[in-house]
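1. please find the sequence and the predicted model below.
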Amino acid sequence: MKKEVLLMVGPTTVPERVLQAMNRKSISHRSKEYCDMHQRIREGLKKIFRTQNEVFILTSSGTGAMEAALQNCFSVGDEVVVPVLGTFSEQFASMAEAHKLKVIRVEVDLGEAADVDKVMEHVTENTKGLFVVHNESSTGVTNDLKAFGKALEGSDTLLITDSVSGAGGLEIRMDEWNIDIVLSSSQKALMAPAGLAFISLSDKAWKATESSNLPKFYFDLNKSRKFQEINQTPNTPAVYNMFAVEEALNIIFEEGLDNVYKRHMENSQQVIEGIRKLGYDIFPKDDKYASRTLTAVYAPGKAKDIVKGLAEQGIIVNAGLPPIADDVFRVGTMGYVYKEDIDAFLEALSKIN
């Protein structure tokens, strides 16, 4: 049987080393062995986020970290601005509304990145938060976080980013770029099974927690902060996922973070050049903002058939999401993906009419 090549947008391929790291006896989440591991992981995640701020580990999907950001730093009626350019930025806006925040959506044409100047026209002295998705995986577009951080420099407005499909594959510099909240999760470029989310707050964001009146319990980050002092979590963490994340971080740092970013750039560029030679194009309207952890391939009216045809050849990619599901399929190049995998994908795609 031909080996499957997994080029999914998430959950992504888990390296054999990571799988083996989970093949062991369990440990208590209150033991010294666990605390030592927790310490190593939090320090590794700080390197990924490029921050001196603490990174907290939540047992949830990335959506849980999104909710934690809202519950801990905002209050009912707070005004927030959300550039909406796809499924996951829309989710952030809808979640904020569910928590009774006043949401100002800045609609962005699908396939385009958020224009910093246009978004900032909606940010006023009443704006408590600006929510910017780092990498909109539904459309394959990356936003310019550095530019948003510069635009908000010296402002009281919090800059919050969902880097679920970015962190570990795309460069992010939380401190240098003035980002107040960064969140991510385990199952994308961090090459571990789904089940853990990560969140980090700046001093400005921690200040905002003091006045937040939204209900919180499981995702109470001030409670997490107290337990972080002893390298534990308030509630039982997904211990086996912790084993996985630690080994995945070891692999990343052995390769070197800059080398990891370079590999993601090269892999995505190989996909883009290859699909264009075959008569397709990418969905993002400007190559400058095309994601480097996945490629949204534009194949009008053919996308679903292509996904099926690739699967029949052992190449697993992701279908597009509404409203572009008939015209776009997505090729994940995040995490444990190498040139040989891209070669196999392009060869298979060339056989599909």
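-> Sure, I can see it. Residues are numbered from 1 along each chain as shown.
2. how much space between Glu273 and Ala151?
-> As for Glu273, its distance to Ala151 is 33 Å (criterion: Cβ to Cβ, to the nearest Å). Where C-beta positions appear, they are placed from N, C-alpha and C, glycine not excepted.
3. give me the more crowded residue out of these two.
-> Between Glu273 and Ala151, counted using other Cβ atoms under 10 Å, Ala151 has the larger neighbour count: 18 against 11.
4. surely that one touches Lys118?
-> No. Using Cβ atoms under 8 Å, Ala151 is not in contact with Lys118, being 11.1 Å away.
5. helices of the stretch 51-200 of the chain, start to end?
-> Ranges of helices within the stretch 51-200 of the chain are 62-73, 87-98, 116-120, 145-151, based on DSSP state H, counting those that start in this stretch.
6. revised request: answer the last question for the stretch 201-350 of the chain.
-> Going by DSSP H, counting those that start in this stretch, the stretch 201-350 of the chain shows helices at 203-209, 221-228, 239-255, 257-277, 303-312, 339-350.
7. just the pLDDT at Met1, thanks.
-> Note for Met1: predicted pLDDT of 34.
8. Gln71: which of the helices of the stretch 201-350 of the chain is closest?
-> Relative to Gln71, the nearest member of these by Cβ to Cβ is helix 221-228, separated by 8.4 Å.
9. give me the contacts around that closest one.
-> Applying Cβ atoms under 8 Å, 6 or more residues apart in numbering, the external contacts of helix 221-228 come out as 42, 54, 56, 58, 68, 72, 199, 201, 209, 233-234.
10. now for the residues you listed, which pair is the farthest apart?
-> Greatest spacing in the contacts of helix 221-228, by Cβ to Cβ: Arg42 and Thr209 (18.9 Å).
11. so what's the residue count around Ala290?
-> Ala290: 23 surrounding residues under other Cβ under 10 Å.
12. give the contact list for the spatially closest residue to it that is not a sequence neighbour.
-> Among residues not flanking Ala290 along the chain, Pro284 sits closest, at 4.5 Å (Cβ to Cβ, 6 or more residues apart in numbering). Residues near Pro284 by Cβ under 8 Å, 6+ apart: 111-113, 139-141, 290-291, 296.
13. could I get those residues as a markdown table with distance to Thr63 and pLDDT?
-> As requested, the contacts of Pro284 are arranged in a markdown table below (distance: Cβ to Cβ, whole Å; pLDDT from 0 to 100):
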| residue | distance to Thr63 | pLDDT |
| --- | --- | --- |
| Gly111 | 24 | 97 |
| Glu112 | 24 | 98 |
| Ala113 | 22 | 98 |
| Thr139 | 19 | 97 |
| Gly140 | 20 | 98 |
| Val141 | 20 | 98 |
| Ala290 | 25 | 98 |
| Ser291 | 20 | 98 |
| Ala296 | 21 | 98 |
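14. out of the helices of the stretch 201-350 of the chain, deepest packed?
-> The highest average neighbour count among these, using mean count of other Cβ atoms under 10 Å, belongs to helix 239-255 at a mean of 19.
15. how far is it from where the chain is centred?
-> In terms of Cα atoms, centre = their mean, to the nearest Å, the centre of helix 239-255 is set 17 Å apart from its chain centre.
16. quick one: average pLDDT of that helix?
-> For helix 239-255, the mean pLDDT works out to 98.
17. run through who's touching it.
-> By Cβ under 8 Å, 6+ apart, helix 239-255 touches 14-15, 17-22, 24, 26-27, 29, 34, 37-38, 40-41, 44-45, 47-48, 57, 59, 168, 186, 190-193, 195-196, 260, 263.
18. repeat that with 7 Å
-> By Cβ atoms under 7 Å, 6 or more residues apart in numbering, the surrounding residues in contact with helix 239-255 are 15, 17-18, 21-22, 24, 26-27, 29, 34, 37, 40-41, 44, 168, 186, 190-193, 195-196, 260.
19. and what of stretch 58-77?
-> Contacts of stretch 58-77 (Cβ under 7 Å, 6+ apart): 92, 95-96, 99-102, 128-129, 158, 160, 162, 164, 181, 183-185, 194-199, 205, 208-209, 211-214, 216, 219, 221, 237-238.
20. now list the buried members of these.
-> 92, 95-96, 99, 101, 128-129, 158, 160, 162, 164, 181, 183-185, 194-199, 205, 208-209, 212, 214, 216, 219, 221, 237-238 (16 or more other Cβ atoms under 10 Å).
21. what about Phe217, how many neighbours?
-> Neighbour count of Phe217, defined by other Cβ under 10 Å: 9.
22. residue numbering should commence at 2 henceforth.
-> Got it, first residue is 2 now, which makes that one Phe218.
23. how much space between it and Gly63?
-> From Phe218 over to Gly63 the distance is 19 Å, taken as Cβ to Cβ.
24. and Ala320, by the same measure?
-> 20 Å.
25. of the two, who's got more company?
-> Neighbours per residue, other Cβ under 10 Å: of Ala320 and Gly63, the larger number sits with Gly63, 26 against 15.
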